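# here is the input, now give the coordinates:
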Amino acid sequence: MKMECPMSYFHDNLIYTQQGTCYAGYEIKLDAYRHKSDPEKFSMRQRATTMLKRTESKHIKILGKPWTQSIRAGAEEFKKTFRGGPLAHLARNHIDFQTNYLVQKVGGDESNSIKKFMLVELKKNLKSKALER
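All right, here's what the predicted structure looks like:
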């Protein structure tokens, strides 16, 4: 089966399609939600709803990309962010405990999630082309 990639070139966050359209791609970072207060949750929902309503345009696309990560590697990276302090060793022990628990519950070291991206179609600026001539 022959498959074609709709992308012909990319640089940093700019993606060029085979049709010559250019998109700017941005990763949507999801914020932790469970530990927020009710007013903060309401505010987050309002911001997300507003953003999604604005993305109903044909010039904006929301994409999900499957992503696999090692649970243990993620925990070790997180532990590197600690600066020390009187409770750092307790935090590291807690992370080790949680890591072992997750690996046991998942049945392996890999976890799956989906990264969300927003692609915004960039319009060609006709004025700049006229000025170039």
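# for Asp12, give its distance to Pro66.
23 Å (CB to CB, to the nearest Å). The way it works is simple: take the backbone N, C-alpha and C, and place the C-beta from them, glycine included.
# wait, Gln18
Using CB to CB, one gets 23 Å for the distance from Gln18 to Pro66.
# among those two, which residue is more densely surrounded?
Each of Gln18 and Pro66 has its neighbours counted (other CB atoms under 10 Å); Gln18 has more, 11 against 8.
# now do the strands in the protein.
7-11, 14-17, 22-28, 60-70, 110-122 (DSSP state E).
# okay if I get those strands as CSV plus distance to Asp38 and mean pLDDT?
Putting those into CSV (distance: least, CB to CB, whole Å; pLDDT from 0 to 100) gives the following:
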stretch, distance to Asp38, mean pLDDT
strand 7-11, 41, 73
strand 14-17, 39, 86
strand 22-28, 23, 86
strand 60-70, 27, 80
strand 110-122, 24, 81
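# to Asn93, which of those strands lies closest?
For the strands of the chain, the distance to Asn93 is smallest for strand 60-70, at 19.9 Å, taking CB to CB.
# identify the residues contacting the closest one?
Residues from elsewhere that reach strand 60-70, judged by CB atoms under 8 Å, 6 or more residues apart in numbering: 23, 28, 52, 54-55, 109-121.
# what's the neighbour count on His94?
11.
# can you check the pLDDT for it?
His94 is assigned a predicted lDDT (pLDDT) of 93.
# in this protein, which helix is the longest?
helix 88-106 (DSSP state H).
# who are the packing partners of it?
helix 71-80 (3 or more CB pairs under 8 Å, 6 or more residues apart in numbering; DSSP states H and E).
# can you give me the angle the helix it packs on makes with strand 60-70?
100 degrees (axes from the mean of the first three to the mean of the last three CA atoms, to 10 degrees).
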